[in-house]
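Colleague: What follows is a protein structure lacking sequence information:
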């Protein structure tokens, strides 16, 4: 039995996985908040445009890692492959997100003349199906986020990846980074309702981090249980200072502590706007931690060969 | 229609690596980048003083249940009518999903630098005109001419035994059926068509 570090997927794919989870979750959370809580269209449009940019940049990293990126259209051939479904989810996401965001851009006076150039019947349709696009795009965003985990779990000889816990971990981490990004955005909004949304996002992110810690516990318990490649991978991560200090402590524990303090000891929204600094620090740490998680999960992938 | 397979008799392998050289020459694989379709693992087994060296030749197992085929989004990886797992170079986008899915380390990237070097070495007679993921084909081009794969024909110790697993008269059929030869990593359920007689 030999354990060998995978040397196939590196930081480019980790970036793609990170931006896929971040982009999908940012859209899903902002569209759901817009639908059920209501918030200013400017903030939602910035969030959605950012989420589209994340997925575009992520896709560029994926294509740049391929041997023949110009033939990428062939990826829509084999439905047994997770990449096939990733392409479907991402394209469905782009269609829904663009449909959803165009009417919202009218909130920006400088963009309004461009939006007005769209024929009225089409603009009317986009307005009419805005809620449907929000829901459809949220579903697609969720699927993109979970797909990032499903993609790398399709590796029978990499025990650490080939587990149902990994897609769960990636989707929860993706939504945590999405909530953190929206929290960051909320600090730049001067809208009256922004601090209320920020409080909600803080609560959401704290719950997501706690869920992520529970999944991590179950995941590492599974990995350490048997003398397989999964244990070798888990031991590698335990001995990686950047994973422990950067992801686990700085990317999960510290933001959770800041957010918990903010939720329980710094008022509940109606007492006025909170200081932006703790939110900025916690959100930035969650984002950096989310990226480190993907980098280190990929680094820790070890093939278990039978020789 | 056949169901081609191979038996490796580990009792006789001396680790001369002639199979690797023959495969590289036949299939223009990038030996200059130390990438091969077939390898010979040189392993030490046991604890001192009870130790020994074992040679384990390996290549694509041409699994019946192929994780690489499922992972390939483009359909470039496919199985031909004789059960040989092949890559259609024209359709391969080089996403490496197959390399990640393969439990036997049987695939590698024939990248742009390798294509350039191949052209430098072989001129117009190149087998790999574009970058793609590469793997063992059981030398399909030789099978079409009723020849054995290059590694089998070259092996001086008759370690590699090739044939139709469905042909009851073939040596591979008899060895695989007898249980004397077993596939690697059976627990994964990939049903490999390469079997090993332990040393």
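Modeller: All right, it came through fine. Fair warning: this is a prediction, and the values are worked out from it, not measured in the lab.

Colleague: Next one: the most centrally placed residue in chain B from residue B:102, what distance?
Modeller: Centroid-nearest residue in chain B, with Cα atoms, centre = their mean: residue B:59, separated by 2.8 Å. Applying Cβ to Cβ, to the nearest Å, the value for residue B:59 to residue B:102 is 11 Å. All C-beta spots, glycine's among them, are computed from the backbone N, C-alpha and C.

Colleague: What of residue A:139?
Modeller: In terms of Cβ to Cβ, residue A:139 sits 33 Å off from residue B:102.

Colleague: Which one's more surrounded, those two?
Modeller: residue B:102 (27 against 17; other Cβ atoms under 10 Å in any protein chain shown).

Colleague: Look through the stretch 1-150 of chain A and state the residue closest to chain B.
Modeller: For the stretch 1-150 of chain A, the residue closest to chain B is residue A:67, as judged by Cβ to the nearest Cβ, at 2.3 Å.

Colleague: okay, now the nearest residue to that residue once chain neighbours are set aside: neighbour count?
Modeller: Leaving out its chain neighbours, the residue that sits closest to residue A:67 by Cβ to Cβ, 6 or more residues apart in numbering or on different chains is residue B:94, at 2.3 Å. For residue B:94, the tally of surrounding residues (other Cβ under 10 Å) stands at 23.

Colleague: Residue B:94 contacts residue B:108, doesn't it?
Modeller: No - the pair residue B:94 / residue B:108 is not scored as a contact, 11.0 Å apart, by Cβ atoms under 8 Å.

Colleague: hmm, the helix or strand containing residue B:45 touching chain A?
Modeller: Here residue B:45, judged by DSSP states H and E, is contained in strand B:39-47. Yes - counting by Cβ under 8 Å from any Cβ of the partner chain, chain A has neighbours in strand B:39-47: B:41, B:43.

Colleague: From chain A, how far off is the closest residue to residue B:62 other than its chain neighbours?
Modeller: Excluding its sequence neighbours, the residue lying closest to residue B:62 (Cβ to Cβ, 6+ apart) is residue B:193, at 4.5 Å. Note on residue B:193: its distance to chain A, by Cβ to the nearest Cβ, to the nearest Å, is 15 Å.

Colleague: Check residue B:9 too.
Modeller: To chain A, residue B:9 is 16 Å away according to Cβ to the nearest Cβ.

Colleague: isn't that residue right next to residue B:159, touching?
Modeller: Yes - with contact defined as Cβ under 8 Å, residue B:9 counts as touching residue B:159 (5.1 Å).

Colleague: In this structure residue B:160 contacts residue B:150, no?
Modeller: No - if you go by Cβ under 8 Å, residue B:160 and residue B:150 don't touch, sitting 10.2 Å apart.

Colleague: Mutual contacts of those two, please.
Modeller: residue B:19 (Cβ atoms under 8 Å, 6 or more residues apart in numbering or on different chains).

Colleague: The residue in chain B that chain A sits nearest to: what secondary structure?
Modeller: As assessed by Cβ to the nearest Cβ, chain A sits closest to residue B:94 within chain B, at 2.3 Å. Assigned by DSSP: H, G, I helix; E, B strand; the rest coil, the conformation of residue B:94 is coil.

Colleague: near chain B, anything from stretch A:76-89?
Modeller: Yes - counting by Cβ under 8 Å from any Cβ, contacts between stretch A:76-89 and chain B involve A:76, A:77, A:78, A:80, A:81, A:82, A:83, A:84, A:87.

Colleague: quick one, what contacts the last one?
Modeller: What that stands for is residue A:87. Contacts of residue A:87 by Cβ under 8 Å, 6+ apart are A:75, A:76, B:73.

Colleague: could you measure the first one against residue A:9, distance?
Modeller: Distance check for residue A:75 against residue A:9: by Cβ to Cβ, it reads 16 Å.

Colleague: what's the answer for the second one, then?
Modeller: Distance from residue A:76 to residue A:9, counting by Cβ to Cβ: 21 Å.

Colleague: swap in residue B:192?
Modeller: Distance from residue B:192 to residue A:9, counting by Cβ to Cβ: 24 Å.

Colleague: and if you look at residue A:34?
Modeller: Distance from residue A:34 to residue A:9, by Cβ to Cβ: 35 Å.

Colleague: Just the pLDDT for residue A:270.
Modeller: With respect to pLDDT, residue A:270 scores 49.

Colleague: how about the nearest residue to residue A:31 once chain neighbours are set aside, what does it touch?
Modeller: Spatially, and ignoring its direct neighbours in sequence, residue A:31 is nearest to residue A:134 (4.0 Å; Cβ to Cβ, 6+ apart). By Cβ under 8 Å, 6+ apart, the contact set of residue A:134 is A:31, A:32, A:34, A:35, A:96, A:100.

Colleague: The last one contacts residue A:48, doesn't it?
Modeller: Yes - between residue A:100 and residue A:48 there is a contact under Cβ under 8 Å: 6.4 Å.

Colleague: Mind listing the shared neighbours of those two?
Modeller: residue A:31.

Colleague: To what extent is residue A:226 buried, counted in neighbours?
Modeller: Neighbours of residue A:226 (other Cβ under 10 Å): 10.

Colleague: ok, residue B:172 - contacts?
Modeller: Applying Cβ under 8 Å, 6+ apart to residue B:172 gives the contacts B:5, B:6, B:7, B:161, B:162, B:163, B:164, B:165, B:195.

Colleague: partners of the last one in the sheet?
Modeller: Under the criterion DSSP bridges, residue B:195 forms beta bridges with residue B:7.

Colleague: Residues of the stretch 151-300 of chain A that sit close to chain B?
Modeller: Counting by Cβ under 8 Å from any Cβ, the stretch 151-300 of chain A comes close to chain B at A:151, A:152, A:154, A:155, A:156, A:157, A:158.

Colleague: dump the residue contacts of residue A:259.
Modeller: Contacts for residue A:259 (Cβ under 8 Å, 6+ apart) come out as A:202, A:203, A:205, A:206, A:209, A:282.

Colleague: which residues in chain B form helices?
Modeller: B:18-27, B:67-71, B:97-101, B:112-122, B:140-143, B:150-154, B:171-178 (DSSP state H).

Colleague: Give me the contact list for the shortest one.
Modeller: Here helix B:140-143 makes contact (Cβ under 8 Å, 6+ apart) with B:4, B:26, B:80, B:82, B:84, B:86, B:148, B:149, B:150, B:153.

Colleague: swap in the first one?
Modeller: Taking contacts as Cβ under 8 Å, 6+ apart, the residues outside helix B:18-27 that touch it are B:29, B:31, B:36-40, B:57, B:127, B:136-137, B:139, B:142, B:149-151, B:153-156, B:160.

Colleague: Make a PyMOL selection of the buried ones in the residues you listed.
Modeller: Those of the contacts of helix B:18-27 that count as buried under 16 or more other Cβ atoms under 10 Å in any protein chain shown are selected in PyMOL with:
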select buried, chain B and resi 29+36+37+38+39+40+57+136+137+139+142+149+150+151+154+155+160
